[in-house]
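In: next input, structure requested:
(chains A and B)
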Amino acid sequence: MSYLNQIRVRFAPSPTGYLHVGGLRTALYNYLFARKNGGVFVLRIEDTDRARYVEGAVENLIVTLKWCGLDYDEGPQLGGNYGSYIQSERLEIYKKHIQILIELKKAYYCFCTPERITELRDSQQKVNQQTKYDKLCLHLTQNEIEEKLKNNLPHVVRLNIEIDKKVIVEDIIRGKVEFDSNLLDDQVLLKGDGYPTYHLANVIDDHLMKISHVIRGEEWLPSTPKHVLLYDAFGWEKPVFAHLPLLLNPDKSKLSKRQGDVAVEDYRSKGYLSESLVNFVALLGWNPGIEQEIFSLDELVELFSIDAVNKAGAVFNIEKLNAFNFEHLRKKDDREVLRILKDLLTKSKYSNHSLADDTLLLIIEAMRPRISFVKDIIENSPYFFEPPESYDQEVIKKRWEEDTPNYLRTLAEEYSRLNTPSKDDYEKALHKAAETCGVGNGKLIHSLRLALSGVGGGPGLYDILFILGKEESIKRIYTAIERIK
RNA sequence: GGCGCUAUCGUCUAACGGUUUAGGACGCUGCCCUCUCAAGGCGGUAAUACGGGUUCGAUUCCCGUUAGCGCUACCA
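Out: Model prediction:
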């Protein structure tokens, strides 16, 4: 009877300072798998590399995960029955287990200096051999080992890989993958500083934390046979493996910093909605087989199936992410967009604007089909927050004629007679002014737009008038007459 | 170099041997709508890497070639 019948998965990042989008995808698939199957989602921090530790990284990771909506059931700050969930706090556990391995002769002390290892590797490389430790220290006698240990000689502990063995990795996504043990290196399990390597720590923790499914990136596939050997050495039941396809740069290499943003935090600060990022990343390597593409996190949980995950890597395509953001922004509640907009305004040069929420809501309504980001409201239509600083030359050339000032004056006079006008009133008054001038509406419409906004495009003209209000609109008309040409 | 993984439009993908003139989305693009810019509606563009098998029939199964990627640390 398996003791892994309760579904328990984990996301096990190392605290390097930020959450990589590839990491987000891995975390998301783990989360979706757990939620879909009534399992438990564990967060575990793999901080066994002291050199790479970044202050505050764990806290940041948790904040970012939370922003994405991925709440974990056990982990740092939350606790659980299998803690600690931070590997640097589990050193004694690893030491205890490494002793078992040594007694079993599945692992052995190695006193070789880093220099010797480097030399060995170099010489192997020179003759195009695979690089591998030569098991020199495996042949030390018990006395020699004890002597060296007594003298506190620096050492590591290595996995003793058996020769001539076929190691099979069973993977949900890729099927059976076979490795020849003769090609596997005697991996360091316990480092000179007493910390375990990933290989040792992840196997021990996954076992102790009763992880049933290891869902992680494909870059781990080549080292999985070592993990399998470790499970076998301990006599432990193996979890089910699922190696996810990689997220790729446009040039198809593994997604990296050099070719754009990779931190979830970067996308967050650029104004992407977490829903968009999560939705987009979910569809990189998986899809539910229906034509719908826009999903909430809950819908993803409902639809998710680990069996449907693809094998091939997927390019992280910003253009499509932007389209997802457009879609999610359209679906977002008015009040939430308002909250975001007000927050952005506070940080902008319009921080002392005096627009009421109702007016901002009108602006949001007018701009929503024209933007992919909330910040675009401020960037694309600054005229809602301040009078135009300049007027688009192209539009002037095309729409501003000799008689335009006269038409606009007539229009302004018409508008000044209005009393708390509606959009409709603005339109009717414009028609009337055009008639008075004996010209088509178009002669007024385009030049009026230019006078009000300084540009040639944007929301409906009467929407702009209504949002700006009568006084401001008239003021802008006269200003434009003065300033243009 | 060795080992491993992968291979459908430019990109993300659908097709779980036959319902396929290979479907959708993004991008690009044409038309319509229209006070502009968008949005929206209706179209268009563009793919099974190559070669062998298996089969009555291969995008789908097998083998090889090629290409891409990953791993090859006392990093994860």
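In: need the strands for the stretch 201-350 of chain A, in chain order.
Out: A:213-217, A:240-244, A:247-248, A:314-315 (DSSP state E, counting those that start in this stretch).
In: RNA strand B: which of those is closest?
Out: Nearest to RNA strand B, of all the strands of the stretch 201-350 of chain A, is strand A:314-315, at 3.3 Å by Cβ to the nearest atom of the strand. In this view, the C-beta of every residue, glycine as well, is placed from N, C-alpha and C.
In: which helices and strands does the closest one pack with?
Out: strand A:247-248 (3 or more Cβ pairs under 8 Å, 6 or more residues apart in numbering; DSSP states H and E).
In: need the residues that contact the strand it packs on.
Out: A:21, A:22, A:25, A:254, A:255, A:281, A:284, A:285, A:313, A:314, A:315, A:316 (Cβ atoms under 8 Å, 6 or more residues apart in numbering).
In: from RNA strand B, how far out is the second one?
Out: The one in question is residue A:22. 11 Å (Cβ to the nearest atom of the strand, to the nearest Å).
In: repeat that for the first one.
Out: Note on residue A:21: its distance to RNA strand B, by Cβ to the nearest atom of the strand, is 13 Å.
In: got a pLDDT number for that residue?
Out: pLDDT recorded at residue A:21 is 97.
In: tell me how chain A divides into domains.
Out: Chain A breaks down by automatic domain parsing into domains covering A:1-77+A:245-326, A:93-190, A:332-379, A:387-485.
In: turn those domains into JSON lines, columns for distance to residue A:234 and mean neighbour count.
Out: Converted to JSON lines, those look like this (distance: least, Cβ to Cβ, whole Å; neighbours: other Cβ atoms under 10 Å):
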{"stretch": "domain A:1-77+A:245-326", "distance to residue A:234": "14", "mean neighbour count": "18"}
{"stretch": "domain A:93-190", "distance to residue A:234": "7", "mean neighbour count": "15"}
{"stretch": "domain A:332-379", "distance to residue A:234": "50", "mean neighbour count": "15"}
{"stretch": "domain A:387-485", "distance to residue A:234": "66", "mean neighbour count": "17"}
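In: so which of those comes closest to residue A:209?
Out: domain A:1-77+A:245-326 (6.1 Å; Cβ to Cβ).
In: distance to RNA strand B and mean pLDDT added to the strands of the stretch 201-350 of chain A, as a markdown table?
Out: Below are those laid out as a markdown table (distance: least, Cβ to the nearest atom of the strand, whole Å; pLDDT from 0 to 100):
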| stretch | distance to RNA strand B | mean pLDDT |
| --- | --- | --- |
| strand A:213-217 | 8 | 98 |
| strand A:240-244 | 7 | 98 |
| strand A:247-248 | 6 | 96 |
| strand A:314-315 | 3 | 97 |
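In: would JSON lines of these with distance to residue A:138 be doable?
Out: Listed next are those as JSON lines, based on distance: least, Cβ to Cβ, whole Å:
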{"stretch": "strand A:213-217", "distance to residue A:138": "29"}
{"stretch": "strand A:240-244", "distance to residue A:138": "28"}
{"stretch": "strand A:247-248", "distance to residue A:138": "39"}
{"stretch": "strand A:314-315", "distance to residue A:138": "42"}
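In: how about low-confidence regions in chain A?
Out: Under the criterion pLDDT under 70, the flagged ranges of chain A are A:1.
In: residues touching the closest residue to residue A:461 other than its chain neighbours, list them.
Out: Distances taken as Cβ to Cβ, 6 or more residues apart in numbering place residue A:449 nearest to residue A:461, at 5.4 Å, with adjacent residues excluded. Contacts for residue A:449 (Cβ under 8 Å, 6+ apart) come out as A:455, A:456, A:458, A:461, A:464.
In: what's the first one in contact with, if anything?
Out: Residue A:455 makes contacts with A:383, A:388, A:392, A:395, A:449, as judged by Cβ under 8 Å, 6+ apart.
In: and the nearest residue to the first one once chain neighbours are set aside, how close does it get to residue A:300?
Out: By the measure of Cβ to Cβ, 6+ apart, the closest residue to residue A:383 outside its immediate chain neighbours is residue A:453, 4.2 Å from it. Spatial separation of residue A:453 from residue A:300 under the definition Cβ to Cβ, to the nearest Å is 40 Å.
In: and what of residue A:245?
Out: With Cβ to Cβ as the criterion, residue A:245 and residue A:300 are 17 Å apart.
In: do residue A:190 as well
Out: From residue A:190 to residue A:300 the distance is 40 Å (Cβ to Cβ).
In: equivalent analysis for residue A:371, please.
Out: With Cβ to Cβ as the criterion, residue A:371 and residue A:300 are 25 Å apart.
In: also residue A:274?
Out: 13 Å.
In: does the residue in the stretch 151-300 of chain A that RNA strand B sits nearest to belong to a helix, a strand or coil?
Out: Nearest to RNA strand B, among the residues of the stretch 151-300 of chain A, is residue A:192, at 2.9 Å (Cβ to the nearest atom of the strand). Classification of residue A:192 using DSSP: H, G, I helix; E, B strand; the rest coil returns coil.
In: tell me the contacts of it?
Out: Counting by Cβ under 8 Å, 6+ apart, the residues that residue A:192 touches are A:154, A:155, A:156.
In: farthest-separated two in the contacts of residue A:455?
Out: Across these (Cβ to Cβ), the longest gap, 13.0 Å, separates A:383 and A:395.
In: from residue A:154, how far off is residue A:122?
Out: For residue A:122, the distance to residue A:154 - Cβ to Cβ - is 21 Å.
In: my bad, residue A:133
Out: If you go by Cβ to Cβ, the gap between residue A:133 and residue A:154 works out to 16 Å.
In: got the residues of the stretch 51-200 of chain A near RNA strand B?
Out: A:51-52, A:112-114, A:117, A:121, A:128-131, A:133, A:154, A:156, A:174-175, A:177-180, A:183, A:185, A:187-188, A:191-193, A:195-198 (Cβ under 7 Å from any atom of the strand).
In: where does the closest residue to residue A:11 other than its chain neighbours land in three-state SS?
Out: Nearest non-adjacent residue to residue A:11, counting by Cβ to Cβ, 6+ apart: residue A:27, 4.1 Å away. At residue A:27 the chain is in helix, as set by three-state DSSP.
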